[in-house]
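**Student:** here is a sequence together with a model predicted from it:
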Amino acid sequence: MIHARGLARTFEGRGRGRKDEVKAVAGVDIDVETGEIVGFLGPNGAGKTTTLRMLTTLLKPTAGTATVAGFDVATQSKEVRKSIGYVSQSGSTSPEARAGEEIMDHGMLYGISRRQAESRGRELFGQLDLEGLWERKPQAMSGGQRRRLDIAMGLVHDPQLVFLDEPTTGLDPQARANLWTHISELRDTRGATVFLTTHYLDEADALCDRILVIDHGSIVASDTPDALKRQVAGDLVELVVADAAQAAAAAELLGRVADAELAAEGATVSARVRGAGHEIAGLIRGLDAAGIALESIEVRRPTLDDVFLDLTGRSLREDA
Ligand SMILES: Nc1ncnc2c1ncn2[C@@H]1O[C@H](COP(=O)(O)OP(=O)(O)OP(=O)(O)O)[C@@H](O)[C@H]1O
């Protein structure tokens, strides 16, 4: 559904010469298959929106090629636009117009008849929990309702592929979870392919079949959330010993099963341990045999933030 090779975008700086250039996207390869929900993840300024704008034909690449829904973004932009839905970060509804009129106008812009646009619009209002809001102006809707209306606008012409740029930014946790359900249903009931950018790791984890991580304009990982977590980071095992004087001895035992560097502070010793579930019983027996009493032991599954930290040395969460 999406195939990009060496796709790049450089912005000219204000001054002269190459030094001022911003390499927003530095040549990415992207493959998205039909029916996938793919999350495009990265910190501020990583190149997510620029990539999305190239794939949706709103911005010309400075190098590389891409086909979207079978059409070339550089030479067949009209066909690409007809085949996709695009919901931008800021949305595209005007606060003053009535929701139903807006969605019909939007459908007609895509070349479908008024009648088709109305019937499709009402169907989408039903599916996206917007019943009763056909006559309402967006300015009198909640943030979640407005965002769902934005998504309905992006879907009125029944595209096979939908691009969502940070669909849940600014929504409260309940509205976000609600929107995740709707996005999953797009795929499950309509067979749509969804490509979305997000800052939220929990969103990528809960919603996406696959995640692409972009950093400084390059893709640094592409896999399922679970596989990424398994590959990159072990489980974090944190021990608190009852007697801080025994921390060094506990660290020595933990070090035998650890995969990554140990951290020790006072009575607390921690390390990443791959497959901690298998190792933990032996570790506890070893500590016991050495006469080391524990205050607590905690095993934390790796998160996507750990993955990002491992890949780039930075925390996605801090950047976000
Ligand atoms: N029109 C432009 N002119 C110059 N530089 C730009 C332009 N658009 C984007 N950039 C730069 O390109 C880089 C990538 O920006 P982009 O908006 O794609 O990042 P992003 O990952 O979408 O960030 P965010 O999460 O903040 O939306 C940034 O350094 C940005 O400042």
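**Tutor:** Perfect, I can see it now.

**Student:** could you list the buried residues of stretch 99-119?
**Tutor:** 99-100, 102-104, 106-108, 112, 116-118 (16 or more other CB atoms under 10 Å). Every C-beta, even on glycine, is put in place using the N, C-alpha and C of the backbone.

**Student:** just the ones in helices from those, please.
**Tutor:** Counted as lying in helices by DSSP state H, out of the buried residues of stretch 99-119, are 99-100, 102-104, 106-108, 116-118.

**Student:** cross-check the buried residues of stretch 99-119 against the ligand and keep the overlap.
**Tutor:** Among these, no residue sits close to the ligand (CB under 6 Å from any ligand atom).

**Student:** now do the longest helix along the chain: distance to the chain's middle.
**Tutor:** The longest helix of the chain (DSSP H) is helix 173-190. In terms of CA atoms, centre = their mean, to the nearest Å, the centre of helix 173-190 is found 14 Å from the chain centre.

**Student:** what does that helix rub up against?
**Tutor:** Residues from elsewhere that reach helix 173-190, judged by CB atoms under 8 Å, 6 or more residues apart in numbering: 35-37, 127-129, 142-144, 147-148, 151, 155, 158, 162, 164, 167-168, 171, 192-194, 196, 200, 203, 206-207.

**Student:** cutoff 6 Å now
**Tutor:** 37, 128, 144, 168, 192, 206-207 (CB atoms under 6 Å, 6 or more residues apart in numbering).

**Student:** just the residues you listed now: which is nearest residue 25?
**Tutor:** Using CB to CB, residue 37 is the member of those that sits closest to residue 25, with 21.7 Å.

**Student:** circling back: which one among the buried residues of stretch 99-119 gets closest to the ligand?
**Tutor:** Nearest to the ligand among the buried residues of stretch 99-119: residue 106, at 23.8 Å, using CB to the nearest ligand atom.

**Student:** SS state for the closest residue to that closest one other than its chain neighbours?
**Tutor:** Using CB to CB, 6 or more residues apart in numbering and skipping residues adjacent in sequence, the residue nearest residue 106 is residue 153, 4.9 Å away. Using DSSP: H, G, I helix; E, B strand; the rest coil, the structure places residue 153 in helix.

**Student:** again, but for residue 38
**Tutor:** Of the three states, residue 38 takes strand under three-state DSSP.

**Student:** repeat that for residue 24.
**Tutor:** Per three-state DSSP, residue 24 ends up strand.

**Student:** the nearest residue to it once chain neighbours are set aside: which element?
**Tutor:** Nearest non-adjacent residue to residue 24, counting by CB to CB, 6+ apart: residue 50, 4.2 Å away. Assigned by DSSP states H and E, residue 50 belongs to helix 48-55.

**Student:** hmm, that helix in reach of the ligand?
**Tutor:** Yes. Using CB under 6 Å from any ligand atom, helix 48-55 reaches the ligand at 48-50.

**Student:** and the residue nearest to residue 106, how far from the ligand?
**Tutor:** From residue 153 over to the ligand the distance is 20 Å, taken as CB to the nearest ligand atom, to the nearest Å.

**Student:** number of residues surrounding that residue?
**Tutor:** 24 (other CB atoms under 10 Å).
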